[in-house]
Each structure stands twice: as structure tokens, then as C-alpha cells.
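A.B. asks: what's the 3D shape of this:
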Amino acid sequence: MRNNIPEIYTEGYDDIVKRAIAEDIGAYGDITSEYIFEEDNSSRGFIICKETDGAVLCGIKLAEYVFKTIDPSVAFKMLKNDGDKIKNREKVCAFQGKTLSVLKSERISLNFISHLSGIATLTRKFADIASRYGVKVTETRKTLPNLRLPEKYAVRCGGGFNHRFSLSDGVVIKDNHILAAGGVSEAIEKIRSRVPHTLKIEVEVKTKEELRHAIKSKADIIMLDNMNNEELKESVKKIRENLGKACIIEASGGITLETLEEICKTGIDIVSVGTLTNSAKAVDFSLNFE
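C.D. replies: Reported below is the predicted structural model:
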């Protein structure tokens with residue numbers, strides 16, 4: 001892993017897992033398995049990666065939580081850790097316990113691992129490029145409802161960093177704020193008169209005029225949204241000339257793996273990429289009995 005992963009990410013697991021279990025098991029339980037197997041029937045097996053090009057693992061801790069919530073007596077052993085690079089056909093965990101418990105845990109665990117590993121794998125591709133230029137990669141708030149913590153955890157497992165967890169985590173003035181407030185300067189002035197001096201103010205700009213006002217108002221962080229490379233270079237130059245390194249410069253909007261390197265060369269500090277959480281391809285995993 002590229003950076004330490006705070007324990008805060010595991011705090012919301014209980015509610016997430018319990019809702020996932022209730023959703024999948026339904027009102028009457030796993031009727032197929034219960035008609036076939038007796039309560040004391042036992043099985044053992046493993047979860048294996050089936051992605052041809054391998055992946056970055058994420059969600060194995062969540063999978064263990066699923067198994068243990070459904071049946072604390074199930075023996076679950078992690079063979080790989082979240083953040084590890086894994087190969088095709090590589091086992092990531094082994095388990096042994098009641099067959100009914102394992103089958104109830106199967107799809108929920110695989111869904112979490114597949115989805116979160118997809119995010120971690122894509123993030124690693126972005127981070128590998130950006131890190132060569134000292135640029136940090138972050139996600140956005142474009143996350144699935146109720147899965148923000150695990151998805152942001154997956155970004156960290158992939159070597160990325162986190163943007164805001166919620167609207168209460170920081171001030172980010174965006175286009176609709178600017179329109180409703182009457183302009184960039186007006187929005188910043190209103191916020192600065194009300195928030196503590198310790199709170200940073202970030203503002204999103206799309207035009208030269210908005211950038212001019214953001215610089216004049218001495219925004220702490222300036223997000224350059226949907227600008228081409230020449231516009232980014234020019235904007236970075238103006239910010240550095242007026243605000244120096246004290247101002248953090250973030251690029252956002254339509255950033256892909258193909259365009260990332262040239263964007264990083266413009267001198268920005270951070271790229272925020274919504275694709276990491278809203279468009280990552282799931283990684284293929286399978287649960288197999290021995």
C-alpha cells in the first residue's frame with residue numbers, strides 16, 4: 001500500500017453489512033440451501049481472483065466481517081491483505097464452517113470484494129502515473145449511497161488519497177454556489193466572514209475571470225475544472241505568481257488514464273477523479289468449495 005489507512009473506515013461496517021445481509025437473505029432465508037443441507041453440514045474452501053491481469057485487493061476485511069456477522073463460528077483466514085497486488089488464480093482467503101453459513105455469506109462477500117477491488121485497481125493505475133510528478137490522486141463524492149466509507153477506503157488501498165467525506169468536512173465553493181451568490185468573490189467573502197480562520201476555503205473555477213477573482217480573494221485551494229492543458233499551464237502560472245506555493249491547485253473534470261500524465265506536467269498538486277468510484281470495472285472473484 002502507498003499510504004497508511006486510518007481505522008475510521010471500519011467504523012461503518014456494522015450497519016453496511018447488516019443491511020446487505022438483510023437485503024440478500026430476505027424474509028425467509030436461503031430456502032434453496034436450507035432444503036438441501038442440514039444445520040450441521042460443514043464445508044471449507046477459498047475465494048480466488050479470476051482476473052486475467054490481476055488486481056489490487058480490497059474488501060477482504062469486509063468479507064470477513066460478513067462471514068463473522070452471519071456466523072461467528074466460521075473460521076476465516078485472510079491469505080492476502082487489502083492493498084496487496086494479486087495475480088490471476090491467486091487465493092485471497094480460506095474458510096471453514098457450516099455450509100449454510102458459508103452459502104449465505106458467499107454473494108455478499110464477493111460483491112464487496114469485486115466492487116472495492118475494482119476501485120483499488122483503477123486507483124493504482126492513476127496513482128502510478130501521478131506519483132511520478134508528485135501529484136496526489138483523490139476521488140470525489142460521486143460514490144454509491146451508503147457505500148462512501150468502503151469506496152474511499154478502496155481508493156486508499158489503491159494508493160490514492162481522499163477528498164471530502166461529506167459536505168461538513170470542508171468548504172468547497174462550486175459553480176452553483178457561485179451563481180447563486182453572485183460571483184466568486186462574493187461567495188468567498190460571505191464564507192470568510194463566517195467560518196473560523198483555521199478552515200481552508202476551496203473554490204472551483206472554469207474561466208479566466210473566475211480564476212482572477214479566486215486569486216484576488218486569496219482562496220486556499222483552487223480547483224481548475226474542465227480546462228485543457230494550455231489553460232491549466234496558464235492558470236497554474238498565474239496562481240504561483242500571485243499566491244505562491246501556499247495555494248493548493250487541484251485539476252478536475254474528465255481526467256482519464258490517457259490524459260493524466262500531461263495534466264500532471266502542468267504543475268498542479270492534486271487531481272480529483274470521479275471515475276475512480278463511479279465507473280471502475282468490478283474485479284472477478286469466485287468462492288470455491290474444496
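A.B. asks: What residues of the helix or strand hosting Gly118 count as buried?
C.D. replies: Assigned by DSSP states H and E, Gly118 belongs to helix 99-130. Residues 99-106, 108-127, 129-130 are the ones in helix 99-130 that count as buried (16 or more other Cβ atoms under 10 Å). For glycine as for every other residue, the C-beta is placed from the backbone atoms N, C-alpha and C.
A.B. asks: With stretch 26-38 instead?
C.D. replies: Residues 30, 33, 37 are the ones in stretch 26-38 that count as buried (16+ other Cβ under 10 Å).
A.B. asks: can you check stretch 254-263 too?
C.D. replies: 255, 260, 263.
A.B. asks: burial measure for Ala55, as a count.
C.D. replies: Residues lying near Ala55 (other Cβ atoms under 10 Å) number 30.
A.B. asks: For it, give me phi and psi.
C.D. replies: Main-chain torsions, Ala55, degrees, to the nearest 10: phi -170, psi 180.
A.B. asks: Can you spell out which residues form a bridge with it?
C.D. replies: Applying DSSP bridges to Ala55 yields these beta-bridge partners: Ile86.
A.B. asks: so where do the strands sit in the stretch 1-150 of the chain?
C.D. replies: 42-49, 55-56, 75-78, 85-86, 91-98, 136-138 (DSSP state E, counting those that start in this stretch).
A.B. asks: Show me what the last one is packed against.
C.D. replies: Spelled out, it's strand 136-138. Identification of packing neighbours for strand 136-138 by 3 or more Cβ pairs under 8 Å, 6 or more residues apart in numbering; DSSP states H and E yields helix 99-130, strand 270-272.
A.B. asks: what's the offset of it from the middle of its chain?
C.D. replies: On the basis of Cα atoms, centre = their mean, to the nearest Å, strand 136-138 sits 10 Å off its chain's mean C-alpha point.
A.B. asks: Tell me which of the strands of the stretch 1-150 of the chain approaches Ala219 most closely.
C.D. replies: If you check each of the strands of the stretch 1-150 of the chain against Ala219 by Cβ to Cβ, strand 136-138 wins as the nearest, at 17.6 Å.
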